[in-house]
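Asks: only geometry, no sequence info:
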């Protein structure tokens, strides 16, 4: 009986450490390894911004990590319509806000996706919790995969 109680106490104390938390992971698929990784909370948003190659204006996309869905696209915003900058009928709605054109409430699961990191001047930049990481400086011209992985909560504390 004592062993059962002791085991229950030990499991109760360690169970929170084993709960899995989501991580945003960016890897060079050409064999260059991990470019970046960040522990996030379920539903916590992050964004990727870059300078559009034609109109030279900023474009940003807002994502989160969702249980069972992976990466989910929530919103995209830009200063002006340029090549490839259209509304995807049936996905979100367009609003003007503070000088930006925003397509809100897209809420489309993409799971994982590939991104060709642009050169200097395009400056693909990842923003997580107010911190900006210039992906161009880390992986210029490389094809990277953005995906969600889960790791035990304790690992998230150690890596922060």
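Replies: Right, received. Where do you want to start? Because the structure is a prediction, the values reported are computed rather than measured.

Asks: how close does residue 47 sit to residue 152?
Replies: Distance, residue 47 to residue 152, using Cβ to Cβ, to the nearest Å: 27 Å. No exception for glycine: its C-beta is placed from N, CA and C like everyone else's.

Asks: who has more neighbours out of those two?
Replies: Neighbours were counted for residue 47 and for residue 152 using other Cβ atoms under 10 Å; residue 47 has more, 18 against 14.

Asks: hang on, isn't residue 64 packed against residue 46?
Replies: Yes: using Cβ atoms under 8 Å, residue 64 makes contact with residue 46 at a distance of 7.2 Å.

Asks: joint contacts of those two?
Replies: Applying Cβ atoms under 8 Å, 6 or more residues apart in numbering, one finds that residue 64 and residue 46 are jointly contacted by residue 40.

Asks: what's across from residue 144 in the sheet?
Replies: According to DSSP bridges, the residues that bridge with residue 144 are residue 28, residue 115.

Asks: wait, isn't it in contact with residue 26?
Replies: Yes: shown here, residue 144 and residue 26 form a contact pair, counting by Cβ under 8 Å, at 5.2 Å.
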